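Novice: I would like the atomic coordinates for the input below:
(chains A and B)
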Amino acid sequence: MARDIKLLVKDIEEATLKGAQEACVQIMNGLSKAGPAYTGRFSSAWYAVSRGGTVGGARSTGKLYTYDKRNVPLARFKEGTWYNIVNGMDYADEAMDLVPFVIKDFAKQDPVKNQTRGKRAEGGTRGEVSGSGRNTSTAPMDWWPRYNAAGQLDADLAQGFRRGFGTARGFGK
Amino acid sequence: MNYQTVRAALEGPLLTAYNNLAPAVPVYFDNVFDDNADSNEEFVHVNVLFGLTTQPTLTTALDQIRGVVVVRTHTPKGKGPARNQTLVDTAFTVLQTINNTAKPSTGVYVRLGAIDGPTFSPSFGGTTPDQQSRRAFTPFFISRIEAGFQAQVIS
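Specialist: A predicted model of the protein is given here:
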């Protein structure tokens, strides 16, 4: 039986929220996949928050964290609010190659992702390793702007939103 | 697909512009990092990354090369931002010129998105100033601008 037209606005609101939720999950998994993961803490620390909202820390270590809808509760979304996807680790700027890398005192362990070895010059960024040397990198240099500006973010946003929107009452089911 | 042509369309004008400065400023591209520079040197590092190359449709996949170009300008530290900003302005001008160049009948057609930056590092703001961290040992004052691009190879 066709759904009553008077429910259309409510259905669109619900579908939009579900779209935003799935888009956030898809983007956070995309960032985790694209970015570095040595201990796994940075890749598990992506959060979707309203501007000025509180950002948490690492959710896990020693593995590549997989985000799901529990990480982005629907109740968090409110009409007319902007949301940012941000990373909660204090060294996020370094992980994103935005500032020079400062050596960390990580306990020696097997990195979560395969690592490239090479030499990182003084003042170089995290991913700036080349030639032969003992420095390591688990994601290509400038992976962040590449994800952000070279199409993958758009694709994840579209795919996630479509999936969420399509599961809403009156649209997909 | 001709990634090298696209790369050349971005790197070539930058190399020419920095070579034409007096004195010329060395430019390093991907896979030729300057890992032996002294702290009194100045140089530019250009990183071109490709993202999605095609756009799937119902029946086929169209060529649509997308990527990002990141330009980092290194100048000696502790001498103020003026020289660095002068050099980064060259990169900005080149990127703007690429954007304003008419579509050619052959070759590569490139259009850039918003130019983001420059940002500078080490910065001395925030709750823990870089000056008080180990980053203070970074030998260069580095500025960074970036812009996403779309490119089309015209045969």
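Novice: hey, where'd the strands end up in the chain?
Specialist: Defaulting to chain A. Ranges of strands within chain A are A:46-50, A:83-87, A:116-120, A:129-137, based on DSSP state E.
Novice: right idea, wrong chain: chain B
Specialist: B:27-28, B:43-50, B:54-56, B:61-63, B:65-76, B:107-121, B:140-154.
Novice: mind listing what the third one pairs with, with the direction of each?
Specialist: Partner strands and pairing direction for strand B:54-56 (DSSP bridges) are strand B:61-63 (antiparallel).
Novice: What are the contacting residues of the strand it pairs with?
Specialist: B:1, B:53-55, B:152-153 (C-beta atoms under 8 Å, 6 or more residues apart in numbering or on different chains). Placement of C-beta: from N, CA and C, glycine included.
Novice: Ok, stretch A:31-43 next?
Specialist: Everything outside stretch A:31-43 that qualifies as a contact, by C-beta under 8 Å, 6+ apart, is A:44, A:46, A:57-58, A:60-67, A:85, A:87, A:89, A:91-92, A:95-96, A:106, A:109, A:111-113, A:115, A:126-127, A:136-139, A:143-144, A:146-147, A:152.
Novice: Could I get the contacting residues of the closest residue to residue B:79 other than its chain neighbours?
Specialist: The shortest distance from residue B:79 to any residue other than its chain neighbours is 7.5 Å, reached at residue B:141 (C-beta to C-beta, 6 or more residues apart in numbering or on different chains). Shown in contact with residue B:141 (C-beta under 8 Å, 6+ apart): B:74-79, B:81, B:84, B:120-122.
Novice: Which residues belonging to the lengthiest helix in chain B are considered buried?
Specialist: The residue-count maximum for a helix in chain B (DSSP state H) belongs to helix B:82-100. By neighbour count on 16 or more other C-beta atoms under 10 Å in any protein chain shown, the buried set for helix B:82-100 is B:84, B:87-88, B:90-92, B:94-95, B:98.
Novice: Comparing the strands of chain B, which comes out most buried?
Specialist: Neighbour counts (mean count of other C-beta atoms under 10 Å in any protein chain shown) averaged over each of these peak at strand B:65-76, with a mean of 25.
Novice: which bits of chain A sit near chain B?
Specialist: Chain A comes close to chain B at residues A:98-100, A:102-103, A:119-124, A:128, A:130-131, A:140-142, A:145-152, A:155, as judged by C-beta under 8 Å from any C-beta of the partner chain.
Novice: who's in contact with the longest helix of chain B?
Specialist: So helix B:82-100 is contacted by B:9-10, B:13-14, B:17-18, B:21, B:25, B:42, B:44, B:69, B:71, B:73, B:75-76, B:110-112, B:115, B:117-118, B:120, B:141-143, B:145, B:147 (C-beta under 8 Å, 6+ apart).
Novice: ditto for stretch A:60-79
Specialist: Here stretch A:60-79 has contacts from A:13, A:17-18, A:20-22, A:24-25, A:28-29, A:32-33, A:37, A:39-41, A:43-44, A:46-48, A:50, A:59, A:83, A:109, A:112-113, using C-beta under 8 Å, 6+ apart.
Novice: For the closest residue to chain B within chain A, give me the pLDDT.
Specialist: The nearest approach of chain A to chain B comes at residue A:150, 2.3 Å away (C-beta to the nearest C-beta). If you check residue A:150, the pLDDT there is 90.
Novice: try the one 4 residues further on
Specialist: According to the prediction, residue A:154 has pLDDT 93.
Novice: Show me what residue of chain B gets nearest to chain A.
Specialist: residue B:51 (2.3 Å).
Novice: Can you tell me the closest non-neighbouring residue to that residue?
Specialist: Excluding the flanking residues, the one nearest residue B:51 by C-beta to C-beta, 6+ apart is residue A:150, at 2.3 Å.
Novice: Can you give me the neighbour number for the one you found?
Specialist: Residue crowding around residue A:150 was assessed by other C-beta atoms under 10 Å in any protein chain shown; the count is 24.
Novice: OK, contacts around it?
Specialist: Residues in contact with residue A:150 (C-beta under 8 Å, 6+ apart) are B:49-52, B:66-68, B:148.
Novice: And residue B:73, by the same measure?
Specialist: Shown in contact with residue B:73 (C-beta under 8 Å, 6+ apart): B:42, B:44, B:84, B:87-88, B:91, B:118, B:142-144.
Novice: thinking again about what came up before, as JSON lines, the strands of chain A with mean neighbour count would be great.
Specialist: As requested, the strands of chain A are exported to JSON lines (neighbours: other C-beta atoms under 10 Å in any protein chain shown):
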{"stretch": "strand A:46-50", "mean neighbour count": "20"}
{"stretch": "strand A:83-87", "mean neighbour count": "17"}
{"stretch": "strand A:116-120", "mean neighbour count": "17"}
{"stretch": "strand A:129-137", "mean neighbour count": "17"}
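Novice: For residue A:163, find the nearest of these.
Specialist: strand A:46-50 (15.8 Å; C-beta to C-beta).
Novice: Having no further points to raise, I will conclude here.
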